[in-house]
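*Asks:* A predicted structure for the sequence below; I have some questions about it.
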Amino acid sequence: MEFRAKIFEELSSCEVYEILKARAKIFVKEQGITYVDEDDVDYRSLHCFFWENGEVRGYLRAYADEKHGRSVNIGRVLTINHGQGLGTELMRRSISCIAEKMKCDRIRMDAQKHAVPFYERLGFTVTSGEYLEEGIVHVDMELVVKSKV
């Protein structure tokens, strides 16, 4: 399995299609979320994903947080097969890549509440109370990026 990190213009048409297919599989089909996925954020995102046999196996996108200075937001975090450690590996590699390529101080996200322990193990902390997003309880989380000296 190959880890890839690309800005939108670097993605092949096959990669874009497979990213959208993976997002639909997890968020629409598996979680029952009805939302407009094409929100134009992809155009300004760094897309981090695992690629295997022409398919996306894990994915997230990262984009500059214009409201919070040198912060980056991540979202659309998914793995196709759950419980096999791929999510942890995706997050670790992506955090390192985001810190290097996007020169940020913090990585922020709105996390589904059930996933909070997973993100806490990676160093994220909860920074808000609970709220509903697309009918699912979420909280804001943040990771302070350690600079490499």
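*Replies:* On my side now, so go ahead.
*Asks:* so the residue nearest the centre of the chain bridges to which residues?
*Replies:* Using Cα atoms, centre = their mean, the residue of the chain that lies closest to the mean C-alpha position is residue 60, 2.9 Å off. Judged by DSSP bridges, the bridge partners of residue 60 are residue 48.
*Asks:* what's the answer for the one 4 residues further on, then?
*Replies:* In this structure, residue 64 bridges to residue 72 when assessed by DSSP bridges.
*Asks:* quickly note the distance from it to residue 133.
*Replies:* Residue 64 sits 21 Å away from residue 133, going by Cβ to Cβ, to the nearest Å. Where you see a C-beta, it was placed from the backbone N, CA and C, and this is true even at glycine.
*Asks:* where does residue 89 land in three-state SS?
*Replies:* Under DSSP: H, G, I helix; E, B strand; the rest coil, the three-state class of residue 89 is helix.
*Asks:* any idea how far it is from residue 119?
*Replies:* Separation of residue 89 from residue 119 (Cβ to Cβ): 14 Å.
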